[in-house]
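Novice: could you look at this predicted model? Sequence included:
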Amino acid sequence: MTAAYIVDAVRTAGGRRGGRLAEVHPVDLAAASLDALVARCGIDPATVEDVIMGCVSQAGEQAMQVGRNAVLASKLLPESTPAVSIDRQCGSSQQAIQFAAQAVMSGTQDVVIAAGVESMSRVPMGSTASFHMKEGLGMYKSPGLEEKYPGIMWSQFMGAEMLVDKHGFTKDDLDRFAYESHRKAIAATQAGAFDAEIVPITIDTPEGEQQHTVDEGIRFEATLESIASVKLLSEKGRITAASASQICDGSSAALIVSEKVLKEHGLTPLARIHNLTVTAGDPVIMLEEPLFATDRALQRAGMSIYDIDLFEVNEAFASVPLAWLKHTGADPEKLNVNGGAIALGHPLGASGTKLMATLLHALKARGKRYGLQTMCEGGGVANVTIVEAL
């Protein structure tokens, strides 16, 4: 089977809800990452055979095939470039990577862009679900689901609290993990660790045009005490807004090609795709599946957790990576080394390729070989991607 390579991966700096990226149209936000990727790789834009765009809230200004519209808004990609928009919830653009890699590995295509976008300022988390619940149109009122799962209130917040209970975490555990996410993100930002992956976005401010290049969600003045003081999201829970991922605007993209294209175009890849895994499990606890998906990925790859040099486990809630660490026995020092979504933000459909950009550049900066990325997804699904840095 043909190998699939990642030539480069980029992302925008995150924008807080209603913040610096709120006025950037999601189509333009996605197009910015596409153009930056193509320009950096130096590949002929006409050779791109498909763009696979992850997006969760495909409504409002993200409706009507946001991936294709991003191609049409691109300054570099020709209108002859196909595109498709996909939704695997928070793993949408990680699935885009896997679909792109599968196309290359099968020999069907040689040059594919995997990408993602989410403008959560415009379509904030839960808005469409809340509408459907109110109108009785969504999954919550499905007779089929009600028959199989009677009386269940489907909620990622509830799933996160169930993880806390099942794995025996305390509020202090969650708060400390959240503080460490900010601490690592601050250190990475100040050291320029994100410079190689961030696409500058021009924004209008009261002071005139500026380049948005720093993740807006990082709390540079955060202390453990300030994080611990944030009120609980539920009266009997232990999770707060400070130990959950931040609502975020952003886009990201990765170029995936065959070995033939590497040779023909003289490209130097960042990594080779080593393993692609997706599994599904309990849709009620919902967020635990990365644990079992990681087990399967390592087994299929013939590897152990100790063979992996760096991990990116999406910080949807602090209880997710904490449960993953407890289950796998992975070294905490190798996890989310530049911080995670608690500090940097979680732009839903863009998070998959965003995490991949961070993982690849962190491997390169440290001279490490293997990286593993995973994230929980609505409905109890999880993707795992293992890469080998080159």
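Specialist: Looks like it came in fine.
Novice: how close does T2 sit to V111?
Specialist: 13 Å (C-beta to C-beta, to the nearest Å). C-beta coordinates here come from the backbone N, C-alpha and C atoms, glycine included.
Novice: need the contact list for Q95.
Specialist: Residues in contact with Q95 (C-beta atoms under 8 Å, 6 or more residues apart in numbering) are G54, I86, R88, V278, G352, N383.
Novice: just the ones of those in strands?
Specialist: G54, I86, V278, N383 (DSSP state E).
Novice: how far away is F99 from V278?
Specialist: 10 Å.
Novice: residue contacts, the one residue sitting closest to the centre of the chain?
Specialist: What sits nearest the mean C-alpha location of the chain, by C-alpha atoms, centre = their mean, is S351, with 1.8 Å. By C-beta under 8 Å, 6+ apart, the contact list for S351 reads C90, G91, S93, Q94, G116, E118, S252, N314, A341, M375.
Novice: which of the contacts of Q95 tops the neighbour count?
Specialist: Counting neighbours by other C-beta atoms under 10 Å, G54 comes out on top of the contacts of Q95 with 35 neighbours.
Novice: about what we covered before: which residues are common contacts for T2 and V111?
Specialist: S258.
Novice: pull out the buried positions in the host helix or strand of L322.
Specialist: Using DSSP states H and E, the element containing L322 is helix 319-328. If you call a residue buried by 16 or more other C-beta atoms under 10 Å, then helix 319-328 has these buried ones: S319, V320, P321, L322, A323, W324, L325, H327, T328.
Novice: just send these back as TSV, with pLDDT too.
Specialist: Formatted as TSV, the buried residues of helix 319-328 follow (pLDDT from 0 to 100):
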residue	pLDDT
S319	98
V320	98
P321	98
L322	98
A323	98
W324	98
L325	98
H327	98
T328	98
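Novice: quick one: end-to-end length of stretch 363-376, please.
Specialist: Distance between the two ends of stretch 363-376: 22 Å, counting by C-alpha to C-alpha, to the nearest Å.
Novice: what of stretch 312-329?
Specialist: Terminal-residue distance, stretch 312-329 (C-alpha to C-alpha): 15 Å.
Novice: ok, now stretch 40-59?
Specialist: End-to-end distance for stretch 40-59, by C-alpha to C-alpha: 31 Å.
Novice: if we can go back for a sec, can I get the helix holding L322 in CSV, CA atoms only?
Specialist: Extracted C-alpha coordinates of helix 319-328, given in CSV (Å, rounded to 0.1, in the frame of the first residue of the first chain):
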residue,chain,number,x,y,z
SER,A,319,-11.2,14.7,33.0
VAL,A,320,-10.7,13.4,29.4
PRO,A,321,-6.8,13.6,29.3
LEU,A,322,-6.6,12.7,33.0
ALA,A,323,-8.7,9.5,32.4
TRP,A,324,-6.6,8.8,29.3
LEU,A,325,-3.3,9.1,31.3
LYS,A,326,-4.6,6.8,34.0
HIS,A,327,-5.8,4.2,31.6
THR,A,328,-2.7,4.1,29.3
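Novice: tabulate the contacts of S351 (JSON lines), appending neighbour count, pLDDT and secondary structure.
Specialist: Converted to JSON lines, those look like this (neighbours: other C-beta atoms under 10 Å; pLDDT from 0 to 100; DSSP: H, G, I helix; E, B strand; the rest coil):
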{"residue": "C90", "neighbour count": "28", "pLDDT": "96", "secondary structure": "strand"}
{"residue": "G91", "neighbour count": "36", "pLDDT": "97", "secondary structure": "coil"}
{"residue": "S93", "neighbour count": "37", "pLDDT": "98", "secondary structure": "helix"}
{"residue": "Q94", "neighbour count": "31", "pLDDT": "98", "secondary structure": "helix"}
{"residue": "G116", "neighbour count": "37", "pLDDT": "98", "secondary structure": "strand"}
{"residue": "E118", "neighbour count": "34", "pLDDT": "97", "secondary structure": "strand"}
{"residue": "S252", "neighbour count": "34", "pLDDT": "98", "secondary structure": "strand"}
{"residue": "N314", "neighbour count": "30", "pLDDT": "98", "secondary structure": "coil"}
{"residue": "A341", "neighbour count": "29", "pLDDT": "98", "secondary structure": "helix"}
{"residue": "M375", "neighbour count": "32", "pLDDT": "98", "secondary structure": "strand"}
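Novice: still on that earlier bit, how close does the residue nearest to the centre of the chain sit to H167?
Specialist: Going from S351 to H167 by C-beta to C-beta gives 23 Å.
Novice: cool, and V27?
Specialist: 40 Å.
Novice: L76 now?
Specialist: From L76 over to H167 (counting by C-beta to C-beta), the distance is 46 Å.
Novice: next: I305.
Specialist: Relative to H167, I305 is positioned 17 Å away (C-beta to C-beta).
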